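Visitor: Next input, structure requested:
(one chain, ligands or ions: 1)
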Amino acid sequence: MEVRIFNTADEIAVACADIFSELIIKKPECVLGLATGASPVKTYNELIKRYNNGKLSFKEVKTFNLDEYCDLPRDDKNSYYTFMHENLFNSVDIKEENVHILDGNAADADAEAKAFDAAIDKAGGIDIQLLGIGTNGHIGFNEPCDTFSDGTFKVKLTDSTIKSNSIYFENDSMPRYALTMGINSIMKAKKIVLIATGDAKADAIKATIDGEVTPNCPASILQKHPDAILLIDKAAAKLL
Ligand code: GLP
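Guide: Next up is the predicted model:
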């Protein structure tokens with residue numbers, strides 16, 4: 001696991017966009033694993049800037065998103081479908097047919113999860129997976145638990161995650177369940193880049209880097225990945 005520490009979130013965004021740009025230029029038909037939340041927003045802005053400057057094209061790029069809330073309409077302002085379109089897809093030349101976001105309203109969640117993993121395999125696997133991290137060490141929506149998950153699955157969100165993400169929802173309307181890529185789906189990515197900024201992530205980052213590999217801190221599994229890079233600011237790194 002490689003750890004790079006930066007002064008600002010803007011510097012992280014440039015470094016992260018550099019990693020993605022290099023791949024997209026070298027392999028225009030690459031497969032990207034994408035993330036939501038505040039952490040990747042500046043990276044997406046940086047990628048849009050490079051697209052607008054004619055330095056990048058997403059015409060052949062395929063994407064798979066980490067997770068999606070259950071029981072939330074796809075066009076809700078808080079769905080990850082909406083987030084991805086507003087923060088990246090609507091501003092670049094990606095083809096909608098190449099965008100894959102889990103359907104959190106699928107009648108058969110297991111079938112939806114299996115089809116998603118199969119689609120990733122059919123696309124040739126994920127070249128780079130982008131991750132944020134929850135304050136409890138979750139990646140995607142893989143919450144702390146007793147065993148590492150395998151493929152994509154439906155998960156009950158923990159109180160910690162509900163507390164963190166409720167700020168985006170009115171009147172306690174945050175969904176209690178989500179579909180998420182499993183730990184094994186994430187670990188199969190050829191390269192993984194995790195972004196973390198701010199004091200609130202310091203405990204999770206410490207456990208991820210210096211702690212034992214345990215499903216109690218799902219991100220700690222990244223210690224076992226052959227090509228995982230953590231891009232973090234000084235606040236998130238303060239306990240290292
Ligand atoms: C959510 C997402 C995660 C994300 C995490 C951290 O729970 N499911 O994929 O990494 O929040 O979000 P933020 O970057 O806003 O701190």
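
Visitor: Show the contacting residues for residue 41.
Guide: residue 87 (CB atoms under 8 Å, 6 or more residues apart in numbering). Quick note: C-beta positions are derived from backbone N, CA and C, even for glycine.

Visitor: let's see 10 Å
Guide: Under the criterion of CB atoms under 10 Å, 6 or more residues apart in numbering, the contact list for residue 41 reads 9, 13, 83, 86-88, 132, 195.

Visitor: who wins for most neighbours among those?
Guide: Neighbours here are counted as other CB atoms under 10 Å. On that basis the top member of the contacts of residue 41 is residue 195, with 29 neighbours.

Visitor: correct me, but that residue touches residue 44?
Guide: No: between residue 195 and residue 44 no contact is recorded; they are 11.1 Å apart, counting by CB atoms under 10 Å.

Visitor: Between the two, which contacts overlap?
Guide: With contacts taken as CB under 10 Å, 6+ apart, residue 195 and residue 44 have 13, 16, 35, 130 as neighbours in common.

Visitor: In terms of helices and strands, where is the first one?
Guide: To tie it back to what came earlier, the one meant is residue 13. helix 9-26 (DSSP states H and E).

Visitor: Counting by contacts, list what the helix or strand that comes right after that helix packs against.
Guide: The element immediately downstream of helix 9-26 (helix or strand, assigned by DSSP H and E) is strand 31-34. Judged by 3 or more CB pairs under 10 Å, 6 or more residues apart in numbering; DSSP states H and E, strand 31-34 is in contact with helix 9-26, helix 41-52, strand 62-65, helix 80-87, strand 99-100, strand 128-131, strand 191-196.

Visitor: Now do strand 31-34, average pLDDT.
Guide: Strand 31-34 shows a mean pLDDT of 98 in the predicted model.

Visitor: helices and strands of the protein: which one bottoms out on pLDDT?
Guide: helix 159-165 (a mean of 89; mean pLDDT, DSSP states H and E).

Visitor: count of residues packed around residue 75?
Guide: Applying other CB under 10 Å, we find 9 other residues in the vicinity of residue 75.

Visitor: any idea how far the ligand is from the spatially closest residue to it that is not a sequence neighbour?
Guide: What sits nearest to residue 75 in space, not counting adjacent residues and going by CB to CB, 6 or more residues apart in numbering, is residue 82, at 6.3 Å. For residue 82, the distance to the ligand under the criterion CB to the nearest ligand atom, to the nearest Å works out to 14 Å.

Visitor: quick one on the thing from earlier: can I get the helix holding residue 13 as PDB, trimmed to CA atoms?
Guide: The C-alpha atoms that make up helix 9-26 are tabulated as PDB, following Å, rounded to 0.1, in the frame of the first residue of the first chain:
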ATOM      1  CA  ALA A   9      -7.700  18.500  -1.200                       C
ATOM      2  CA  ASP A  10      -7.000  20.400  -4.500                       C
ATOM      3  CA  GLU A  11      -3.500  18.800  -4.700                       C
ATOM      4  CA  ILE A  12      -5.100  15.400  -4.100                       C
ATOM      5  CA  ALA A  13      -7.600  16.000  -6.900                       C
ATOM      6  CA  VAL A  14      -4.800  16.800  -9.300                       C
ATOM      7  CA  ALA A  15      -2.800  13.800  -8.300                       C
ATOM      8  CA  CYS A  16      -5.800  11.500  -8.600                       C
ATOM      9  CA  ALA A  17      -6.900  13.000 -11.900                       C
ATOM     10  CA  ASP A  18      -3.300  12.400 -13.100                       C
ATOM     11  CA  ILE A  19      -3.600   8.700 -12.300                       C
ATOM     12  CA  PHE A  20      -6.900   8.400 -14.100                       C
ATOM     13  CA  SER A  21      -5.900  10.500 -17.100                       C
ATOM     14  CA  GLU A  22      -2.800   8.400 -17.700                       C
ATOM     15  CA  LEU A  23      -4.900   5.300 -17.900                       C
ATOM     16  CA  ILE A  24      -7.600   6.900 -20.100                       C
ATOM     17  CA  ILE A  25      -5.000   8.200 -22.500                       C
ATOM     18  CA  LYS A  26      -3.200   4.900 -22.600                       C
END
